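[1] Attaching a predicted model along with its sequence, questions to come.
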Amino acid sequence: MSGSPALLMRLVASAFNVAEKAGAIVRTVLHSGELGIVEKTGANDLKTLAERLAQQSICASLSRRFPKITIIGEEELPDEEIKEDLIENGHSEEILQKTCPAEYSGLKEEELVVWVDAFEGTKEYLKGFLNNVTVLIGIAYEGRAIAGVINQPFYNYQLGPGADLGRTTWGMLGLGAFGFQLQEVLRDRRIVTTTCFHSNKVVMDCVDAMEPHEVIRVGGASTKIIQLVEGKASAYVFASSGCKKWETCAAEAILNAVGGKLTDMHGNAYCYNADVTHMNSAGILATLRNHEYYVNRVPQSVLQALKSD
């Protein structure tokens, strides 16, 4: 490799290590037993000490190295100085060795928007569904999710004490996705993954309309998209407005990098510019293949209930 790596490669390489540090913070807090739970907007909307520290670590680490990027996170950062031990200065040499896709090689910091969910899966975390907990860093350019990093802090936790915990996957449009084994569900099977905690009649009417052979219910938007690329599900169907862009940007970039697609229930793409509304108001429909089949099966009643932006 000649010359200095492109900005996007440096940002993703840094985000990789930053996500791993955030994942380690999440594990440390859980193992300490001092979860520091507080309510955000009510008893059904909680955050933990892990979430607060992980977001501080991610946002401070990235903004220190890339001061002109726009970072949008679920939580507002506090005004006080971030503790130095939360800062991650490292980067992935493996990512830096890859060649940046030509269309992104000249990007500038001020052109990029980074969407951060430092702790997706608070309810799952508190209920012990540790596989559904993720750290998400998504990178958008001109409104499109072009790169993403997902850390699963508790990956392999079922193996018991001594297991090597955690996994980090990443992807970039034009380059591919890394850190997992890409697989597909058999073509004669329709396996739909959907929400575990936020179901209602509209959600289930839409799931039923897909005529699935099997329905899986798990928490976390990114967890469901991981199921798509690992061949555990054919489609992620969520006919509700209860999902936000920091929950989908990173995972959508990885899905897109392997040829998949994420849209609202009308089949329209979401925009990740800095000035957009944070809510994915018209639901989520994501697939690795055959996206049009699922779009065409969304009931009119669902489309009327969820107006596209």
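    Thanks, I have the structure now.
[2] ok, now which ones touch Y155?
    For Y155, the contact set (C-beta atoms under 8 Å, 6 or more residues apart in numbering) comprises 131, 165-167. Heads up, the C-betas are built off the backbone N, CA and C, glycines and all.
[3] Return the member of those nearest to R187.
    N131 (26.5 Å; C-beta to C-beta).
[4] mind listing what the closest one touches?
    N131 sits next to 152, 154-155, 157-158, 223 when contact means C-beta under 8 Å, 6+ apart.
[5] ok but it is inside a helix, no?
    Yes: membership of N131 in a helix is supported by DSSP: H, G, I helix; E, B strand; the rest coil.
[6] Show the pLDDT at it.
    Per-residue pLDDT puts N131 at 88.
[7] and S241, what are its phi and psi?
    Per-residue torsions, S241: phi -90, psi 10 (degrees, to the nearest 10).
[8] what's around it, how many residues?
    The tally of other residues near S241 (other C-beta atoms under 10 Å) stands at 16.
[9] just checking, Y125 touches T134?
    No: Y125 sits out of contact with T134 when judged by C-beta atoms under 8 Å, with a separation of 10.3 Å.
[10] Restricted to helices, list the contacts of N131.
    T223 (DSSP state H).
[11] List the residues that contact V237.
    By C-beta under 8 Å, 6+ apart, V237 lies in contact with 192-194, 203, 206-207, 210, 284-285, 294.
[12] cutoff 10 Å now
    Taking C-beta atoms under 10 Å, 6 or more residues apart in numbering, we find V237 in contact with 192-195, 203-204, 206-210, 212, 215, 224, 265, 283-287, 294, 297-298, 302.
[13] Only whichever of these are buried, select them in PyMOL.
    Applied in PyMOL, the following selects the buried portion of the contacts of V237 according to 16 or more other C-beta atoms under 10 Å:
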select buried, resi 192+193+194+195+203+206+207+209+210+212+215+224+265+283+284+285+286+287+294+297+298+302
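[14] so of the contacts of V237, which ones are in helices?
    Per DSSP H, the subset of these in helices is 203-204, 206-209, 224, 294, 302.
[15] now those in JSON lines, with distance to I254?
    Listed next are the ones in helices among the contacts of V237 as JSON lines, based on distance: C-beta to C-beta, whole Å:
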{"residue": "V203", "distance to I254": "24"}
{"residue": "M204", "distance to I254": "27"}
{"residue": "C206", "distance to I254": "24"}
{"residue": "V207", "distance to I254": "23"}
{"residue": "D208", "distance to I254": "28"}
{"residue": "A209", "distance to I254": "27"}
{"residue": "K224", "distance to I254": "12"}
{"residue": "Y294", "distance to I254": "19"}
{"residue": "V302", "distance to I254": "26"}
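[16] Report the residue spans of the stretch 201-309 of the chain with pLDDT below the cut-off.
    Residues of the stretch 201-309 of the chain that meet the criterion pLDDT under 70 lie in 309.
[17] can you map out the strands along it?
    Taking DSSP state E, counting those that start in this stretch, the strands of the stretch 201-309 of the chain run over residues 214-218, 235-238, 261-263, 284-287.
[18] Can you check which helix is longest in this structure?
    Across the chain, the longest stretch assigned as helix under DSSP H is helix 7-32.
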